[in-house]
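Dropping a prediction and its sequence here:
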Amino acid sequence: MTKLATRAELDALRADLSKAFDPDRRRIFVCMGTGCKSCGGDQLLAAFEQELKRAKLDKDVDIVMTGCRGFCERGALIAIRPQGYLYCRVNPTDVAEIVDQTIARGEVVERLIYEMPAAVGRKGERIAEEASIPFYENQMRLVLGMNDRINPSRIEDYIREGGYAGLERALFDMDPDGIIDEVQRSGLRGRGGGGFPTGQKWKFCRAAAGDTKYVICNADEGDPGAFMDRSLLEGNPHSVLEGMAIGARAIGASHGYIYIRAEYPLAIERLKVAIDQMREWGLLGDNILGSDFSFDLIIKEGAGAFVCGEETALIASIEGGRGMPKARPPFPAVKGLFGKPTNINNVETWGNVPHIMTGGGDKYASLGNERSKGTKIFSLVGKVNNTGLVEVPMGMELRQLVYQIGGGVKDGRTLKAVQSGGPSGGCIPASMMHLPIDYESLAKAGAIMGSGGLVVMDDTTCMVDLARYFLRFTENESCGKCAPCRLGTRQMRMILDDICEGRGTEESITQLEALGEAVRKGSLCGLGQTAPNPVLTTIKYFRDEYLAHVREKRCPAGVCQPLFIATCSNRCPSEVDIPAYLSLVAEGRNEEALRSHMDRNPFPSVCARVCPHPCEERCLRGTVDEPVSIRTVKRFMVDSAIDVSVPVIERPAAEVRRTAVVGAGPAGLTTAYFLRRLGHEVTVFEGMPEPGGMLRYGIPAYRLPTDELERDIERITKMGVKIVCNARVGKEIPVASLYDDFDAVFVGSGAWSDVAMGVPGEDARGVASGIEFLKKVTLGEIDRLSGDAVVVGGGNTAIDAARTALRLGASHVTVVYRRTREEMPVQPEEVTEALEEGIQFEFLLAPVEVVADGQGCAKAIKLQRMTLGEFDSSGRRRPQPLEGAFVEIPATNIIRAIGQKPVVPEGGPPVSKRGTVEVDQFSLATVQPGVFAGGDTVLGPATAVEAIAHGRRAAEAIERYLHPDKPAYFPWNGPRQLETAFDPDAARSTAPRSQTPKLDPIIRRHSFDEVELMLSATHARCEAGRCLRCDFGKTVVAREEE
Amino acid sequence: MNKLVSLDSAAKTARPRKTGTPKIGRSRGAVRALDPEVERWFAAAKAKYPSTQSSMIPLLQSAQSKFGYLPRDAMQAIAQYLVVPAAKVEGVASFYAQFRFEKPGRHRVTVCSGTACYVRGSGKLMEDLQTELAVVPGRTTEDGEVTLESVSCFGACALAPVVVIDDKVMRQQTTDSVRAVIKGFSGAHKPNGGCGGACHNHAHDEGSHD
């Protein structure tokens, strides 16, 4: 290759390359980014060469090695042109099939194409074309645009695609001021995180006095969780180098440095190749393309110091010293590298420059929003389905990034927060996902754009632990020059250690905030100034989580090990010691197991049947095969144990107080149970004829037989809790009289009020509310149904109502829901059982009218077809009406179950807009002294186990309220006593998860007999033995207070 | 590059012992002869890097890539060559995480502790490996087999948690999978038998996944 001596030669070369390039030629693109390479990219390359030879196609097909395509999670990636197919997770063993099927015959290899994750409501859908995959479809790849079609080691590819045309323009069509004008017009701002206007920065440096000036490319990408720069340098090094040359021309620099992390060997190698090529082709050196511009580039490898990302520290490091920052001013633009004016920009910033030169600043400025222009590359990582590198226009909403491109949160969990900007950034909570991605919006939320690391976190990430993680990082990386940063980060980390290990107090949080402020204000450089951000934002948005750590020594996410015995029991709202009762059952000690359960939850029989078992979703056995079937073991335990009685503390008469409980549901009865255990007198007032609340009247007998419920209630009454039925508080019994007659009041009146559909004809005969229907069935007021039934809704009540309607004789039962099956709030196994029984489900339908006959009786329901639209803040796609698409389902019974609202007795505590009673979430105290509330009354319709958890919480708070001066003592919070045998070295059980035996669906259709059957003793003990005993040998922080 | 050399000589901090002739520096160093291997490396390195302060880090990197760590003699040699006190060389070297001062083991296990890896369980993974190998990060097992290291981010975040074993990037690792590789090393390293209080069974290992 001879050097290109003039602009015309470069243009001619580009034209030739372009002419010789046949876009329709068959090409196989093998991704060779770090990610795909680690998945065997090299072997794939070899395998394709060999297989093409074998198929005698090697002359007709090109193999192109490319840089990172971004979709690293699905690597190794293979793209096939001209079809545009993308194959994911390709192994060398798949190569022969790809060659024979796709290359030779143009057919898709189905099993290798992309499959949509469940989280976005298009589960199982498969997409062959790369461009149609939502991960790519919703991106705007400008800077990364060439990554997927050029070989980064071939300068010819870059030139063919229009490379170095920007440099040409800068050299021959513009003067330096013109270049700076163009960049200023584009609105480009620093992509390293600070967001300083690039054009202005160049202007300062150009204006600085001196003949020798430098440009530096900051490729010290130290933010953990970010790899944009690496991928750009690996995939398209020439674009960055061209940008540097243009910048050098603009400010008058003759040398450029690239300061790159030594941890990026592949990027360094590709840079070296690219620089050699530039030199060889005359794009580097003296009088480039015959102009008066001379420029050379030097690579400097960093040596692993995060602080070197800071301009002045980076300069110190290039100069050969410790990478410590200097006070500014003087700014590097005036006095930088070797004391000369220096302009430093980040890799991505440089990568944007050629696009501005070729497309023009105005065109570039048309992308993005008001103050942030162009595109931004993010590394989307963490607990998201599609991890990888993405480029989006500025101003895109965070939720689009997480859900549309990211495919939602992994394993169907819920989004908790997104961390942007690494250790200098902050956490943005799920409730703020509507924020547009631009410098100002993120800064306003307390985070920063940063270099583009975006770490998605779900409910299993502890925000306190995360803050500690970042502080540990900055503490380690602090260069030590200034005291606020050196000592402040250390102190902050130590306070966070205290909190995570159970030694924290509320004062710790105040101290963190004060220290954070001091470190922010007092530190010399950006590292220290931003170090407190992760702590301050997590305190700002997740204060409750901090409070749970310090007040209750509890880590809700199940991360801070000293605060819980096992993730299962930590996840259980009522915090039952699950490993304890499992191990007791495994040894056949059912009675002790039951006693252990009763310690924290007085409804073993109920929970053994209706609990949605959140514990199982955190069971670590699930990472080996499947979670332990905790609930079925509990069922066996309850049904086979001799009943136990719970001791009541004998208290001196002077200490005994009287509490009134409104509502004999799970929350009220649990409050009564725990208060009674503490020796207090409790009277429960229940408006219905029998106690049990929603458990009795809202859950059908085939799920929870009345006898079983009564067994749990009887145990409570035996202890001396008084239950008065048919006593309606707020009606016959005024609330005020309770306040007068009792020392404390707990309101657990439940969520019995139903939400109307709000459609015409709803008052027709035959239309009922789900909860009302279930209640009447239990009371015996409805004992049969005739005709067809339609149930509207997707929650527990809807499915319960549907299955009850079927059992009462409805000939055909249909459940209609406005979203899809994946979004139904009901337990999935209940849908399965309902389907087995013959209930039909229709999704994406919303009611618009109840059609009545002449007599005012319902005869059908008219529904609107829906489609899933944008993601809402809950991460579910919002259903939207499909214009003009209606269906009518004939039915004489229409049951609506689309929501329930709390009923609060007249004269009771004040309620929020949602209709729930407002309480302090730790003590459940209402604004009225001595009045507490819990369960559905506070939560809205929730689960039994959550109500039970509230009951214990309220009892503890009431005890403290009744005896404010006495140290509180709660026997159930005492030290753990468990003596079951366990050999950690023994081989673990290999038994698979037990299947719950069930009644035959044919019988079920007509019977209210319990659907689920009990495991045999052998099976139950074997299932309990599957527990991995995460609790073994663990000591946890005592919960005893004061 | 000449330009750079002349600029660099203006940096006063780089010349604290300018009064002493290079000869004195050399004669002091010569009290103990350099290790012959270091000598050989040094001869080659001198030809490649000019004697300026800004060659310090590249020289250190060159030594480390040759020996796997920074032998004292190499730092001594660099100090003489750049005419700076040895303390200055060590000061720079100890500032950067990349440099090691101990001979590494035959195998290197590097756990990424970047954010993406951390939220996907690398913290627990690292804890388990420390217990398993009975070393803290940065150190080598007693038998000289394995050096355990931590890196702040590999930039392979989409593959989290990442472990790099002998320069091979391994994606989505678990304690079990890393343990299997370690056990496969020739001269198999004996895992630490008594795990201590923290790790009694596999449950803890898989804790990294939830």
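Cool, got the structure.

three-state assignment of A:Ser660?
No Ser there; residue A:660 is Ala. strand (DSSP: H, G, I helix; E, B strand; the rest coil).

burial measure for it, as a count.
26 (other Cβ atoms under 10 Å in any protein chain shown). For every residue, glycine as well, the C-beta is placed using N, CA and C.

next one: A:Arg54
A:Arg54 is flanked by 12 other residues according to other Cβ under 10 Å.

same deal with B:Ala160?
With other Cβ under 10 Å as criterion, B:Ala160 counts 27.

Quick check, it in contact with B:Ser113.
No. Applying Cβ atoms under 8 Å as the test, B:Ala160 and B:Ser113 come out as separate, 10.6 Å apart.

For those two, list the residues in contact with both.
B:Ser122 (Cβ atoms under 8 Å, 6 or more residues apart in numbering or on different chains).

Where does pLDDT dip in chain B?
Low-confidence segments of chain B (pLDDT under 70): B:1-32, B:186-210.

at 80 instead, please
Applying pLDDT under 80 to chain B picks out residues B:1-33, B:155, B:186-210.

Which residue ranges make up the domains of the chain?
Picked chain A for this. Segmentation of chain A into domains, based on automatic domain parsing, reads A:7-137, A:155-365, A:375-562, A:567-645+A:991-1024, A:653-752+A:902-970, A:755-899.

that's the other chain; I wanted chain B
B:2-95, B:107-209.

possible to save the ones you listed as JSON lines with distance to chain A?
Output for these, formatted as JSON lines (distance: least, Cβ to the nearest Cβ, whole Å):
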{"stretch": "domain B:2-95", "distance to chain A": "4"}
{"stretch": "domain B:107-209", "distance to chain A": "3"}
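
among those domains, which is the most enclosed?
The highest mean neighbour count among the domains of chain B, using mean count of other Cβ atoms under 10 Å in any protein chain shown, belongs to domain B:107-209: a mean of 20.

List the contacts of A:Asp743.
By Cβ under 8 Å, 6+ apart, the neighbours of A:Asp743 are A:Arg657, A:Arg658, A:Thr659, A:Gly930, A:Leu962.

can you check A:Leu241 too?
A:Leu271, A:Ala274, A:Ile275, A:Met278, A:Leu297, A:Trp350.

how does it look with 6 Å?
By Cβ atoms under 6 Å, 6 or more residues apart in numbering or on different chains, A:Leu241 lies in contact with A:Ala274.

show me the contacts for residue 38.
Just so you know, I chose chain A. Counting by Cβ under 6 Å, 6+ apart, A:Ser38 has contacts B:Val169, B:Arg171.

my bad, the chain I had in mind was chain B
Residues in contact with B:Val38 (Cβ under 6 Å, 6+ apart) are B:Pro71, B:Asp73, B:Ala74.

isn't there a strand covering the last one?
No. The assignment for B:Ala74 (three-state DSSP) gives helix, which keeps it out of a strand.

How about it, nearest residue that isn't a chain neighbour?
Leaving aside its chain neighbours, B:Ala74 sits nearest to B:Ala63 (4.0 Å; criterion: Cβ to Cβ, 6 or more residues apart in numbering or on different chains).

So the one you found sits against B:Gln76, correct?
No. Using Cβ atoms under 6 Å, B:Ala63 is not in contact with B:Gln76; the gap is 10.8 Å.

Can you add distance to B:Gln53 and mean pLDDT and give the domains of chain A back as a markdown table?
Below are those laid out as a markdown table (distance: least, Cβ to Cβ, whole Å; pLDDT from 0 to 100):
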| stretch | distance to B:Gln53 | mean pLDDT |
| --- | --- | --- |
| domain A:7-137 | 33 | 90 |
| domain A:155-365 | 4 | 94 |
| domain A:375-562 | 18 | 93 |
| domain A:567-645+A:991-1024 | 52 | 94 |
| domain A:653-752+A:902-970 | 59 | 95 |
| domain A:755-899 | 54 | 93 |
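
Residues of the stretch 851-1000 of chain A that sit close to chain B?
A:Pro984 (Cβ under 6 Å from any Cβ of the partner chain).

Helices of the stretch 851-1000 of chain A, start to end?
For the stretch 851-1000 of chain A, applying DSSP state H, counting those that start in this stretch gives helices covering A:936-939, A:944-962.
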